[in-house]
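# The following block contains a protein sequence and its predicted model.
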Amino acid sequence: MGMRAWIFDLDKTMADSTHRAHHLRQEHPDFDAWRSDTAGDSPISEIVEIAKMARSSGVKVIVITGRREADRCHTSAWLDAHGIAIDAMFMRPDGLRNADNSAVKRGLLYNARAKGYRPVLAFDDHIECCGMYLEEGVRALWVAQYG
């Protein structure tokens, strides 16, 4: 049946990336600058608290993120620095830079299932990804941005 799991996205879901949004609001978005500035992200406390409560109750906490596999080391360091324990992290393959986010995350969801996870709930800031999770039988909560 698989290990019951909740999925959490990172950017704009667990991590407040508003301080680096200006990198993407340019005529030619600077994705390299966007990626390199993640250490300054603050945790979104309400979502992090939900993840911690889930994990303490025995639910597996997995991250499915559009961040590239090349970013795994500093992403793991950010999670560790903020005391966010997870059970697994599934990341965008490096060669899929411009691929549709929901399509990438669908593939990552399949990878999580292949590893024995049974996701039942997902938190994401992209409404399209929430729709994809619903299509895949995973209840989804849209983490809308404020301010």
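That came in fine, so what should we check first? Computed from a predicted structure; not experimentally measured.
# and residue 108, what does it touch?
Residues near residue 108 by CB atoms under 8 Å, 6 or more residues apart in numbering: 64, 90, 91, 92. (Each C-beta comes from the backbone N, C-alpha and C, glycine too.)
# give me that answer again for 10 Å
Residue 108 sits next to 7, 62, 63, 64, 65, 66, 89, 90, 91, 92, 93 when contact means CB atoms under 10 Å, 6 or more residues apart in numbering.
# swap in residue 51?
So residue 51 contacts 6, 8, 13-14, 43, 59, 61-63, 84-86, 123 (CB under 10 Å, 6+ apart).
# what about residue 91, which helix or strand?
Per DSSP states H and E: residue 91 is located in strand 88-92.
# got the buried residues for that strand?
For strand 88-92, the neighbour count (16 or more other CB atoms under 10 Å) marks 88, 89, 90, 91, 92 as buried.
# Which of these sits closest to residue 110?
Using CB to CB, residue 90 is the member of the buried residues of strand 88-92 that lies nearest residue 110, at 9.5 Å.
# Isn't the closest one up against residue 75?
No. Here residue 90 lies out of contact with residue 75, judged by CB atoms under 10 Å, at a distance of 11.5 Å.
# Give me the common contacts of these two.
Joint contacts of residue 90 and residue 75 (CB under 10 Å, 6+ apart) are 63, 65, 69.
# Emit the PyMOL select command for whichever of those residues are buried.
PyMOL command restricting the shared contacts of residue 90 and residue 75 to the buried ones, with burial defined by 16+ other CB under 10 Å:
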select buried, resi 63+65
